[in-house]
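Peer 1: show me the folded form of this:
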Amino acid sequence: MSTIQFPAHPLAGQRALVTGGSSGIGAAVARALADAGAKVVVNYAAAEDKARQVIDAIHAAGGEAMAIRADVSQEDQVRAMFSTMCEAYGSIDILVNNAGLQHDAHFPDMTLKDWRRVLDVNLTGQFLCAREAAREFIRRGAAPELSRATGKIICMSSVHERIPWAGHANYAASKGGISMLMKTMAQELAQYGIRVNSIAPGAIRTPINRSAWDTPEAEATLLSLIPYGRVGDPPDIAQTAVWLASDASDYMTGATLYVDGGMTLYPGFRTGG
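Peer 2: Next up is the predicted model:
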């Protein structure tokens with residue numbers, strides 16, 4: 001009986017851009033893509049030192065990477081970032097739309113500035129980057145020696161595209177928007193051989209949510225929402241991203257993978273509701 005053989009470097013020769021790649025999930029994704037053989041652009045908005053640490057780690061492991069600063073909510077900066085990447089690497093094969101932030105507030109107290117900033121980065125940023133990637137994929141056409149797909153776009157969403165989150169209306173709205181943006185892009189771009197999918201992480205140990213897990217008491221409260229019984233780690237998401245970027249998932253488009261330890265399974269109903 002034959003077995004399926006998976007290549008050691010399934011992304012060899014491909015070129016990937018990870019937005020918000022200087023820390024947390026983005027940093028883990030950048031390193032995992034590089035380990036899988038891709039040349040990686042680590043996008044960052046402010047923390048150049050953290051982006052440099054990710055680049056240095058990739059280089060130390062024998063990979064190839066570069067950092068580009070850009071605010072993904074700004075169209076001119078996004079276009080400049082893609083131009084710099086394509087000049088350096090020739091093109092792009094994989095976009096991981098990961099950049100995101102939170103500005104939390106009780107809903108009656110939420111300012112328009114905080115609403116707009118979160119939507120601008122989390123949702124409009126994904127639109128701007130995906131649009132530039134799609135334009136380059138279509139311009140370049142298929143490269144079958146690298147990948148069965150003409151290009152791959154991975155949108156980083158959240159379980160809060162499904163689960164309402166009091167005190168985080170702007171964040172939850174941005175993630176709900178990502179869900180429908182991803183599906184619509186997948187529907188429209190499939191004709192060009194472009195695959196578009198999402199990852200919806202649950203609770204992951206990153207700086208953005210440190211207060212939810214950095215004490216035993218906080219972690220115990222968090223675990224009550226996770227049937228699988230552990231908080232996720234950035235590599236849990238990173239390995240999912242590698243699979244979605246590889247030919248192993250070539251027949252998948254328009255799908256959201258919930259990597260959440262079961263958080264979307266309504267754990268409150270384990271005892272009958």
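
Peer 1: residue 222 versus residue 87, what's the distance?
Peer 2: 44 Å (C-beta to C-beta, to the nearest Å). Glycine gets a C-beta too; all of them are placed from N, C-alpha and C.

Peer 1: quick one: which of the two has more around it?
Peer 2: residue 222 (16 against 8; other C-beta atoms under 10 Å).

Peer 1: does that one belong to a helix, a strand or coil?
Peer 2: At residue 222, secondary structure determined by DSSP: H, G, I helix; E, B strand; the rest coil is helix.

Peer 1: helices along this structure, start to end?
Peer 2: 24-35, 48-60, 75-89, 112-119, 125-140, 169-189, 216-223, 234-245 (DSSP state H).

Peer 1: mean neighbour count, those helices: which tops it?
Peer 2: By mean neighbour count, with neighbours taken as mean count of other C-beta atoms under 10 Å, helix 24-35 ranks first of the helices of the chain at a mean of 26.

Peer 1: model confidence over that one, on average?
Peer 2: Mean per-residue pLDDT for helix 24-35: 98.

Peer 1: now swap in stretch 117-130 and tell me
Peer 2: Here the average pLDDT along stretch 117-130 is 98.

Peer 1: gap between the two ends of that stretch?
Peer 2: 19 Å (C-alpha to C-alpha, to the nearest Å).

Peer 1: give me the contact list for that stretch.
Peer 2: 17, 19, 71-73, 75, 78, 82, 95, 97, 99-103, 153, 155, 170-171, 173-175, 177-178, 181, 185, 196 (C-beta atoms under 8 Å, 6 or more residues apart in numbering).

Peer 1: centre of the chain to stretch 179-191, how far?
Peer 2: Remark: stretch 179-191 is offset 16 Å from the chain centroid, using C-alpha atoms, centre = their mean, to the nearest Å.
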